[in-house]
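Colleague: whatever this is, show me its structure:
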Amino acid sequence: MTSRNVAHDEYYGIQTIGVTKAFDGVKALDDVTFTIPIFGMTSIVGPNGSGKSTLVNLLTGVLPFDEGIVKIETNSFSVIHAHETPDHGITRTFQEVRLFDQMTVWDNMMVVLTNRKLFPSMIERSKSEHRDKAEEILKQVGMWEKRESMAGELSYGQRKLLEIGRAMALDVQVYILDEPFAGLFPQMLERVKDLLRDIRSNGRTVVFISHNMDIVRELSDHIIVLESGKFLLAGEVEDILNRPEVIRAYLGA
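Modeller: Numbers count the residues shown, from 1 in each chain. Okay, the predicted model is just below:
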(Lines give C-alpha, C1' and ligand atoms only; values in the text may rest on other atoms or scores of the structure.)
Protein backbone atom coordinates (compact mmCIF):
# COMPACT_ATOMS: atom_id res chain seq x y z
CA MET A 1 0.00 0.00 0.00
CA THR A 2 1.60 3.25 -1.07
CA SER A 3 0.84 6.87 -0.32
CA ARG A 4 -1.72 8.52 -2.52
CA ASN A 5 -2.61 12.06 -3.37
CA VAL A 6 -6.29 11.93 -2.46
CA ALA A 7 -8.61 14.17 -0.53
CA HIS A 8 -8.74 13.48 3.21
CA ASP A 9 -12.39 12.45 3.09
CA GLU A 10 -11.96 10.02 0.19
CA TYR A 11 -9.78 7.37 1.76
CA TYR A 12 -9.16 5.80 5.14
CA GLY A 13 -6.26 3.70 6.25
CA ILE A 14 -8.04 1.06 8.33
CA GLN A 15 -11.68 0.43 9.19
CA THR A 16 -13.05 -2.13 11.61
CA ILE A 17 -16.66 -3.26 11.42
CA GLY A 18 -18.10 -5.25 14.32
CA VAL A 19 -14.76 -6.75 15.34
CA THR A 20 -15.10 -9.08 18.31
CA LYS A 21 -12.58 -11.20 20.23
CA ALA A 22 -13.23 -13.39 23.27
CA PHE A 23 -10.92 -15.30 25.58
CA ASP A 24 -12.54 -18.15 27.51
CA GLY A 25 -15.94 -16.65 26.87
CA VAL A 26 -14.98 -13.15 28.05
CA LYS A 27 -15.07 -10.52 25.32
CA ALA A 28 -11.82 -8.54 25.16
CA LEU A 29 -13.28 -6.64 22.20
CA ASP A 30 -17.02 -6.43 21.64
CA ASP A 31 -18.49 -5.30 18.30
CA VAL A 32 -15.80 -2.64 17.76
CA THR A 33 -16.32 -0.34 14.78
CA PHE A 34 -14.12 2.67 14.00
CA THR A 35 -12.06 4.35 11.29
CA ILE A 36 -8.37 5.29 11.26
CA PRO A 37 -7.71 8.11 8.77
CA ILE A 38 -4.94 7.57 6.24
CA PHE A 39 -3.48 11.00 7.03
CA GLY A 40 -1.72 11.93 10.27
CA MET A 41 -1.19 10.28 13.63
CA THR A 42 -3.89 8.40 15.52
CA SER A 43 -3.64 7.39 19.17
CA ILE A 44 -5.59 4.50 20.69
CA VAL A 45 -6.27 5.10 24.37
CA GLY A 46 -8.31 3.66 27.19
CA PRO A 47 -8.02 2.40 30.77
CA ASN A 48 -6.13 -0.80 31.56
CA GLY A 49 -8.08 -3.77 30.24
CA SER A 50 -9.92 -1.75 27.61
CA GLY A 51 -8.64 -3.95 24.76
CA LYS A 52 -6.00 -1.71 23.18
CA SER A 53 -3.22 -4.29 22.77
CA THR A 54 -5.73 -6.97 21.77
CA LEU A 55 -6.97 -4.63 19.05
CA VAL A 56 -3.45 -4.05 17.71
CA ASN A 57 -2.79 -7.80 17.76
CA LEU A 58 -5.94 -8.40 15.73
CA LEU A 59 -5.14 -5.69 13.19
CA THR A 60 -1.67 -7.14 12.62
CA GLY A 61 -2.59 -10.82 12.52
CA VAL A 62 -0.97 -11.81 15.81
CA LEU A 63 -4.41 -12.94 17.02
CA PRO A 64 -7.43 -14.02 14.95
CA PHE A 65 -10.68 -12.16 15.49
CA ASP A 66 -13.87 -14.10 16.12
CA GLU A 67 -16.29 -11.87 14.25
CA GLY A 68 -16.28 -8.78 12.08
CA ILE A 69 -14.44 -7.30 9.12
CA VAL A 70 -11.26 -5.25 8.82
CA LYS A 71 -10.96 -3.04 5.75
CA ILE A 72 -7.50 -2.02 4.58
CA GLU A 73 -7.54 0.34 1.63
CA THR A 74 -10.21 -1.17 -0.66
CA ASN A 75 -9.81 -4.74 0.61
CA SER A 76 -11.96 -6.43 3.27
CA PHE A 77 -10.63 -9.18 5.54
CA SER A 78 -12.30 -11.63 7.90
CA VAL A 79 -8.88 -13.19 8.53
CA ILE A 80 -5.50 -11.43 8.72
CA HIS A 81 -2.23 -13.38 8.76
CA ALA A 82 0.75 -11.75 10.47
CA HIS A 83 3.22 -12.64 7.70
CA GLU A 84 1.00 -10.94 5.14
CA THR A 85 0.59 -7.59 6.90
CA PRO A 86 3.54 -5.92 5.08
CA ASP A 87 1.85 -6.89 1.81
CA HIS A 88 -1.26 -5.09 3.10
CA GLY A 89 0.87 -2.00 3.80
CA ILE A 90 1.08 -2.42 7.58
CA THR A 91 3.92 -2.99 10.02
CA ARG A 92 4.13 -2.75 13.80
CA THR A 93 6.28 -2.67 16.90
CA PHE A 94 5.60 -4.51 20.15
CA GLN A 95 5.31 -3.35 23.74
CA GLU A 96 8.00 -5.92 24.54
CA VAL A 97 10.71 -5.30 21.95
CA ARG A 98 11.38 -8.22 19.62
CA LEU A 99 14.86 -8.36 18.07
CA PHE A 100 17.40 -11.02 17.12
CA ASP A 101 19.51 -10.58 20.25
CA GLN A 102 22.41 -12.75 19.02
CA MET A 103 22.82 -10.68 15.87
CA THR A 104 24.36 -7.26 15.40
CA VAL A 105 22.33 -4.11 14.97
CA TRP A 106 23.39 -4.10 11.32
CA ASP A 107 22.26 -7.67 10.68
CA ASN A 108 18.95 -7.04 12.43
CA MET A 109 18.32 -4.40 9.80
CA MET A 110 19.44 -6.63 6.94
CA VAL A 111 16.96 -9.36 7.87
CA VAL A 112 14.18 -6.87 7.19
CA LEU A 113 15.71 -5.24 4.13
CA THR A 114 16.35 -8.46 2.21
CA ASN A 115 13.69 -11.15 2.19
CA ARG A 116 12.90 -11.17 5.92
CA LYS A 117 14.41 -14.64 6.37
CA LEU A 118 17.36 -15.09 8.69
CA PHE A 119 19.92 -17.07 6.68
CA PRO A 120 19.25 -15.71 3.18
CA SER A 121 19.57 -12.21 4.62
CA MET A 122 23.16 -12.97 5.63
CA ILE A 123 23.96 -13.88 2.03
CA GLU A 124 22.15 -10.94 0.44
CA ARG A 125 23.57 -8.24 2.69
CA SER A 126 26.27 -7.29 0.16
CA LYS A 127 23.69 -5.66 -2.15
CA SER A 128 24.46 -1.97 -2.29
CA GLU A 129 20.83 -0.82 -2.11
CA HIS A 130 20.35 -2.78 1.10
CA ARG A 131 23.54 -1.42 2.62
CA ASP A 132 22.63 2.13 1.69
CA LYS A 133 19.13 1.81 3.13
CA ALA A 134 20.41 0.22 6.35
CA GLU A 135 22.90 3.04 6.82
CA GLU A 136 20.26 5.68 6.11
CA ILE A 137 17.80 4.28 8.64
CA LEU A 138 20.37 3.57 11.36
CA LYS A 139 21.57 7.15 11.10
CA GLN A 140 18.00 8.41 11.19
CA VAL A 141 17.19 6.52 14.39
CA GLY A 142 20.55 7.37 15.97
CA MET A 143 21.92 3.83 15.98
CA TRP A 144 24.66 4.05 13.34
CA GLU A 145 27.46 4.10 15.91
CA LYS A 146 26.02 0.92 17.41
CA ARG A 147 25.81 -1.00 14.12
CA GLU A 148 28.40 -3.62 15.14
CA SER A 149 26.95 -4.10 18.64
CA MET A 150 24.93 -7.17 19.46
CA ALA A 151 21.24 -6.36 19.81
CA GLY A 152 21.14 -8.16 23.14
CA GLU A 153 23.70 -5.72 24.56
CA LEU A 154 21.67 -2.59 23.81
CA SER A 155 19.89 -0.51 26.41
CA TYR A 156 16.10 -0.63 26.55
CA GLY A 157 15.81 2.70 24.76
CA GLN A 158 18.28 1.67 22.06
CA ARG A 159 16.30 -1.52 21.49
CA LYS A 160 13.17 0.59 20.99
CA LEU A 161 14.99 2.73 18.42
CA LEU A 162 16.24 -0.32 16.53
CA GLU A 163 12.78 -1.89 16.47
CA ILE A 164 11.30 1.33 15.06
CA GLY A 165 14.11 1.40 12.50
CA ARG A 166 13.28 -2.15 11.45
CA ALA A 167 9.64 -1.14 11.02
CA MET A 168 10.69 1.87 8.93
CA ALA A 169 12.76 -0.40 6.69
CA LEU A 170 9.60 -2.11 5.43
CA ASP A 171 8.55 1.17 3.78
CA VAL A 172 4.80 0.62 4.18
CA GLN A 173 1.87 3.01 4.58
CA VAL A 174 0.65 2.21 8.12
CA TYR A 175 2.91 2.01 11.20
CA ILE A 176 1.28 0.65 14.36
CA LEU A 177 3.26 1.03 17.59
CA ASP A 178 2.25 -0.58 20.89
CA GLU A 179 3.37 1.65 23.79
CA PRO A 180 6.42 3.10 21.99
CA PHE A 181 7.12 5.61 24.79
CA ALA A 182 6.80 3.33 27.82
CA GLY A 183 9.86 3.16 30.06
CA LEU A 184 11.97 5.66 28.14
CA PHE A 185 14.20 8.30 29.70
CA PRO A 186 13.34 11.87 28.59
CA GLN A 187 16.09 12.18 25.97
CA MET A 188 15.19 8.87 24.33
CA LEU A 189 11.49 9.69 24.54
CA GLU A 190 12.05 12.89 22.58
CA ARG A 191 13.96 10.97 19.92
CA VAL A 192 11.11 8.48 19.51
CA LYS A 193 8.59 11.33 19.23
CA ASP A 194 10.74 12.90 16.51
CA LEU A 195 10.86 9.61 14.61
CA LEU A 196 7.08 9.33 14.65
CA ARG A 197 6.81 12.90 13.40
CA ASP A 198 9.25 12.04 10.60
CA ILE A 199 7.15 9.06 9.55
CA ARG A 200 4.01 11.21 9.53
CA SER A 201 5.72 14.00 7.59
CA ASN A 202 6.49 11.48 4.83
CA GLY A 203 2.77 10.98 4.26
CA ARG A 204 2.50 7.75 6.23
CA THR A 205 -0.10 6.72 8.79
CA VAL A 206 1.07 6.41 12.40
CA VAL A 207 -1.08 4.61 14.98
CA PHE A 208 0.13 4.31 18.56
CA ILE A 209 -1.05 3.17 21.98
CA SER A 210 -0.06 5.28 24.96
CA HIS A 211 -1.11 5.89 28.55
CA ASN A 212 0.69 9.24 28.54
CA MET A 213 -1.98 11.83 27.86
CA ASP A 214 0.56 14.62 27.50
CA ILE A 215 2.16 12.77 24.59
CA VAL A 216 -1.25 11.89 23.15
CA ARG A 217 -2.21 15.57 23.17
CA GLU A 218 1.14 16.61 21.71
CA LEU A 219 1.30 14.16 18.80
CA SER A 220 -2.17 12.99 17.86
CA ASP A 221 -4.23 14.31 14.99
CA HIS A 222 -7.00 11.84 15.81
CA ILE A 223 -7.87 9.73 18.84
CA ILE A 224 -9.84 6.51 19.41
CA VAL A 225 -11.03 5.66 22.93
CA LEU A 226 -11.85 2.13 24.09
CA GLU A 227 -13.51 1.15 27.35
CA SER A 228 -14.01 -2.41 28.61
CA GLY A 229 -13.52 -3.82 25.13
CA LYS A 230 -15.98 -1.47 23.48
CA PHE A 231 -15.53 1.51 21.20
CA LEU A 232 -16.36 4.66 23.16
CA LEU A 233 -15.50 7.74 21.08
CA ALA A 234 -13.25 8.99 18.28
CA GLY A 235 -12.38 12.41 16.94
CA GLU A 236 -10.10 15.37 17.55
CA VAL A 237 -7.94 14.99 20.64
CA GLU A 238 -8.91 17.93 22.85
CA ASP A 239 -12.60 17.52 22.14
CA ILE A 240 -12.59 13.80 22.95
CA LEU A 241 -10.39 13.92 26.07
CA ASN A 242 -12.58 16.63 27.57
CA ARG A 243 -15.80 14.67 27.09
CA PRO A 244 -17.44 13.58 30.40
CA GLU A 245 -17.74 9.94 29.34
CA VAL A 246 -13.99 9.74 28.66
CA ILE A 247 -13.15 11.37 31.97
CA ARG A 248 -15.47 8.90 33.72
CA ALA A 249 -13.83 5.97 31.92
CA TYR A 250 -10.39 6.99 33.19
CA LEU A 251 -11.38 8.12 36.67
CA GLY A 252 -14.04 5.52 37.29
CA ALA A 253 -16.42 8.24 38.43
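
Colleague: which residues touch residue 70?
Modeller: Going by Cβ atoms under 8 Å, 6 or more residues apart in numbering, residue 70 touches 14-17, 19, 58-59, 76-78, 80. Backbone N, C-alpha and C define where each C-beta goes, glycine included.

Colleague: so which of those comes closest to residue 160?
Modeller: Nearest to residue 160 among those: residue 59, at 20.4 Å, using Cβ to Cβ.

Colleague: neighbours of the closest one, how many?
Modeller: 26 (other Cβ atoms under 10 Å).

Colleague: list the contacts of it.
Modeller: Residue 59 makes contacts with 14, 16, 70, 80, 90, 176, as judged by Cβ under 8 Å, 6+ apart.

Colleague: now it: how far from residue 191?
Modeller: Going from residue 59 to residue 191 by Cβ to Cβ, to the nearest Å gives 26 Å.

Colleague: neighbours around residue 208, how many?
Modeller: Counted with other Cβ under 10 Å, the neighbours of residue 208 add up to 24.

Colleague: check which helix or strand the closest residue to it other than its chain neighbours maps to.
Modeller: Excluding its sequence neighbours, the residue lying closest to residue 208 (Cβ to Cβ, 6 or more residues apart in numbering) is residue 177, at 4.4 Å. Per DSSP states H and E: residue 177 is located in strand 174-178.

Colleague: any idea which helix or strand comes after that strand?
Modeller: Following strand 174-178 in sequence order, the next helix or strand is helix 186-201 (DSSP H and E).
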